[in-house]
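1. here is a sequence with its predicted model. Questions after.
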Amino acid sequence: MTPLTRLDGIACPLPLANVDTDQLIPARFMSRPRAAGYGEVLLHGHRFDADGKARAEFPLNQARYAGASILVALRNFGSGSSREAAVYALVDFGFRCVIAPSFGDIFAANAVNNGLLPAVVPEADAARIIASVEADARVQVDLESQAITAGGAQFGFAIDPVWRTKLLNGWDDLDLTRSFEADIRDFFARDAAARPWMPPRRP
Amino acid sequence: MGTPQTLFDRLWSAHAVVARADGETLIAIDRHLVHEGSHHAFARLAEKGLPVARPDLTFGVADHYVPTRNRGQGIADATIRGMVEKLEANTGRHGVRLFGLTDPGQGIVHVVGPEQGLTLPGLTIVCGDSHTSTHGALGAWSFGIGASEVAHVLTTQTLWQRRPKQMQVAVRGRPAAGVGGKDIALTLIATIGADGARGHVVEYAGDAVRDLSIEGRLTLCNLSIECGARSGIVAPDATTIAYLAGRPWAPQGRDLEEAAEHWLGLASDTDAAFDRSIVLDAAEIVPVVTWGTSPEEALPITGSVPDPSRIADAARAAQYAASIAYMGLRPGQPLGEISIDRVFIGSCTNGRIEDLRAAAAVLAGRRAKVPGLVSPGSSLVKAQAEGEGLDAVFRAAGLEWVESGCSMCVGMNGDVLAPGERCASTTNRNFRGRQGQGSRTHLMSPAMVAAAAVAGRLTDARPLLEGRPLP
Ligand code: SF4
């Protein structure tokens, strides 16, 4: 995974609460392999009308937010379905950071596993950042100092310290876990005596 | 005596393999359930040339994409067929037991787990599906995970976790007839919000929860994710043990007795501490329906669509206005005047036998004014319902009785609403487009959906249940 330390780019406002993962990527697009790319179907129902025409009023379709790498939304972003494809869609579209007052727990974990920063800000700050990017879309996000700069103002953001380290270094859990193989083996050996009823009884 | 422990404290410490200084703990996973949507994770394994570490603890279920009609004729849609075949190939390659399309035990993963006795108290259970919280009804710590985590569990049978906070939801008293697990859950979500339990494991307690059947507890735990909690749990008790007796994959005889002794000792100590506690009075709960596009946008059926112009909080008013516009409703419109186009009865939330009995109790001898689909939660539930003659009740009412799968809960198999159509549904998400592009969903209990079918609009099921024996 590519490490993430600092972003300096265009931020796109999405002044909506409860943007669930069904909105981020509708179920009908989820059978495609990752290599096919998920960016074009991001927020499909918001970006396109029933005839597939782009909705001009939707921020993501506007030229001034073209090439955005930062998304700013309202509370409970990424709630709902555990579909990691919601994160693929954001990442493939070009996003490296979502700023919001709160995130669905599963979405946030998925985001970090794909190098996408879920930056938590107070509700009032989310509204201020959205107002600011509507005037000037250029925003800086510094993961090291946990600071957002928008429209000349600074905002702090929260991130789980372990996730921060993972993102800063571009670490993948799998490599780390494999160094604990012996501990895992020992655990299951001990556990077989402690909880003999754990394994499924094959009928 | 040490510090008082919660049920979750005990589950956590029993599964901690290694604790890192930064607070992350490697958790051992006892059951891993995979479905068609797990294709990304299997692809990752193939890329890295890695095996499945514990095929004996991994189980596959075909549910998200399976057709609900004409199954004998194979799957016509190539993409959908590809998804089901990919699951067959991946589980076959790695020696994972699959409850596939033609297996008599096939069904929705969160119905199949408990029904087969794969779900047991004291286990950790994960699945790449957010409603994995369901399994907590039996006293397991269960939670939904993403594809990267699925790949991690497949290859290591573990996951890194940070200890979640704990919330106790105590439901006291006795609910009125016709009020059940779904109404309790929707009331809770409306009270604390769709993100109210974010970061928490929710333990459901209180006499109203104790009095619930396992089916009712499964519904309650299933909906935990709709208030943001990755897991919901209920302490195992005599009801739990009785439910597990004779389940194919559960311990039996003396083994079950020994296990039961352990399980009954898992309950939270009476003086154990929770980070947050909520108390609900069951007697005050009225059948609930959702009016908006988030499960938190729910009200008693006796209420009206909120009026955003009367809401002081600007953000909340804007959210409600957007939901009302999408749903095609009027501020102030009485909920009982909302006409529907279609009904759906099924899903991992309300597709179990008790749910079908409740819907049938309303529908018996009546006709539905709108078309609708009834898809049982599993093929075994379907067989049982047919044995009880429930299928005949649904058919006589004019509803379609089909095979088991996720079906119209998520629409991946092609069972979808037309754009703009309004559905009374026993499912779990009223999200925009969840039941198909432009779909409008109202969530409620099976009895309430059945009542809506009879009336052609949202309505209180209780008068329709009068004089009828409730299951
Ligand atoms: S029935 Fe719906 S919520 Fe349940 S597993 Fe299937 S898609 Fe998910």
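-> That came through, no problem. As the structure is a computational prediction, the values presented were derived from the model and not from experiment.
2. residues contacting B:P175?
-> B:D183, B:I184, B:A208, B:A282, B:A283, B:I285 (C-beta atoms under 8 Å, 6 or more residues apart in numbering or on different chains). C-beta here means a position set from N, CA and C on the backbone, and glycine is covered the same way.
3. redo those residues as CSV? Include distance to A:V121.
-> As requested, the contacts of B:P175 are exported to CSV (distance: C-beta to C-beta, whole Å):
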residue, distance to A:V121
B:D183, 35
B:I184, 34
B:A208, 38
B:A282, 38
B:A283, 41
B:I285, 36
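4. keep only those of those residues that are also close to the ligand.
-> Near the ligand, judged by C-beta under 6 Å from any ligand atom, there are no entries from these.
5. how many neighbours does the residue of chain A found nearest the ligand have?
-> Sorted by distance to the ligand under C-beta to the nearest ligand atom, the residues of chain A start with A:S81, at 7.2 Å. A:S81 has 30 neighbours, counted by other C-beta atoms under 10 Å in any protein chain shown.
6. wait, it sits on A:Q23?
-> No. If you go by C-beta atoms under 8 Å, A:S81 and A:Q23 don't touch, sitting 10.2 Å apart.
7. how about the helices in chain A?
-> Under the criterion DSSP state H, helices of chain A are mapped to A:21-24, A:44-47, A:85-93, A:105-113, A:123-135, A:161-169, A:173-178, A:181-194.
8. looking at the ones you listed, which is closest to A:A35?
-> Nearest to A:A35 among the helices of chain A is helix A:85-93 (10.4 Å), distances taken as C-beta to C-beta.
9. re the thing from before, relative to A:L116, how far out is the residue lying closest to the residue of chain A closest to the ligand once chain neighbours are set aside?
-> What sits nearest to A:S81 in space, not counting adjacent residues and going by C-beta to C-beta, 6 or more residues apart in numbering or on different chains, is A:T21, at 4.6 Å. Per C-beta to C-beta, to the nearest Å, A:T21 is found 13 Å from A:L116.
10. go through the lowest-mean-pLDDT helix or strand in chain A and flag the buried ones.
-> In chain A, the helix or strand scored least confidently by mean pLDDT, DSSP states H and E is helix A:173-178, which has a mean of 86. With burial defined by 16 or more other C-beta atoms under 10 Å in any protein chain shown, the residues of helix A:173-178 counted as buried are A:D173, A:L174, A:T177.
11. pull the residues that contact it.
-> The contact list for helix A:173-178, computed with C-beta under 8 Å, 6+ apart, reads A:N113, A:K166, A:I184, B:L26, B:S148, B:A151, B:H152, B:T155, B:T156, B:T158, B:W160.
12. confidence score at the third one?
-> The predicted local confidence for A:I184 comes out at a pLDDT of 97.
13. before we move on, the earlier item: more neighbours: A:T21 and A:L116, which one.
-> Neighbours per residue, other C-beta under 10 Å: of A:T21 and A:L116, the larger number sits with A:T21, 27 against 23.
14. I'd say the more buried one and A:G80 touch.
-> Yes. Counting by C-beta under 8 Å, A:T21 touches A:G80, with 4.9 Å between them.
15. find the residues that touch each one of those two.
-> Contacts common to A:T21 and A:G80, judged by C-beta under 8 Å, 6+ apart, are A:G104.
16. got a list of what B:G246 touches?
-> By C-beta under 8 Å, 6+ apart, the residues touching B:G246 are B:Q252.
17. what residues are up against B:S142?
-> Residues in contact with B:S142 (C-beta under 8 Å, 6+ apart) are B:T119, B:L123, B:T124, B:I125, B:V126, B:C127, B:T132, B:S133, B:T134, B:H135, B:G136, B:S231.
18. let's see if you can find the most crowded of those residues.
-> Neighbour max across the contacts of B:S142 (other C-beta under 10 Å) = B:T134, 35 neighbours.
19. could you list the low-pLDDT ranges of chain B?
-> Scanning chain B for pLDDT under 70 picks out B:1, B:470-471.
20. and if we set it to 90?
-> Scanning chain B for pLDDT under 90 picks out the ranges B:1-2, B:21-23, B:71-74, B:76, B:315, B:467-471.
21. with chain A instead?
-> A:1-2, A:31-34, A:50-51, A:171-176, A:178-179, A:202-203.
22. tell me where the stretch 351-471 of chain B has strands.
-> Along the stretch 351-471 of chain B, counting by DSSP state E, counting those that start in this stretch, strands occupy B:372-374, B:400-401, B:422-425, B:440-443.
23. could you dump those to a markdown table with distance to chain A?
-> Formatted as a markdown table, the strands of the stretch 351-471 of chain B follow (distance: least, C-beta to the nearest C-beta, whole Å):
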| stretch | distance to chain A |
| --- | --- |
| strand B:372-374 | 17 |
| strand B:400-401 | 21 |
| strand B:422-425 | 14 |
| strand B:440-443 | 11 |
